[in-house]
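Colleague: Fold the stuff below for me.
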Amino acid sequence: MSWSVVLFVPAVIFVGLVMPIWLVLHYRQKSKDQSGLSSSDRADLEEMAKAADRMATRIGALEAILDSEISDWRTRHQGAPSGNSAGRGGGE
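Modeller: Now for the predicted structure:
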């Protein structure tokens, strides 16, 4: 067999079978990505946002309680390794 036949057969198989499936899957995924969030994704996102708001309210209430009962809790725990006030802007 010559090299042209050895290279031609896999190329035909690739172009005839693999490439069309690959293109269909690629563009299907691309159109799915451009369509944005699905309704279930949007509902999950809204639920997580509400949960985050509730947690922020609870954290604010807990910090207010600590401020009234233990006035120096922020300075005592500012350098704590657990990161109690790190990232939230607390204790600055």
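Colleague: which SS state does residue 58 fall under?
Modeller: With DSSP: H, G, I helix; E, B strand; the rest coil as the basis, residue 58 sits in helix.
Colleague: Residue 37 now?
Modeller: Look at residue 37: counting by three-state DSSP, its state is coil.
Colleague: what residues go with each domain of this structure?
Modeller: Domain assignment of the chain by automatic domain parsing yields the ranges 1-36, 37-74.
Colleague: Compare those domains and say which comes out lowest on pLDDT.
Modeller: Sorting the domains of the chain by mean pLDDT places domain 1-36 lowest, at a mean of 87.
Colleague: what's the span of it, first residue to last?
Modeller: 52 Å (Cα to Cα, to the nearest Å).
Colleague: hmm, back to that, need the domains of the chain in a markdown table (columns: mean neighbour count).
Modeller: Bear in mind the C-beta positions are built from the backbone N, C-alpha and C, glycine included. Shown next, in a markdown table, are the domains of the chain (neighbours: other Cβ atoms under 10 Å):
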| stretch | mean neighbour count |
| --- | --- |
| domain 1-36 | 9 |
| domain 37-74 | 11 |
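Colleague: Now do the SS call for residue 16.
Modeller: On the three-state scheme (three-state DSSP), residue 16 is labelled helix.
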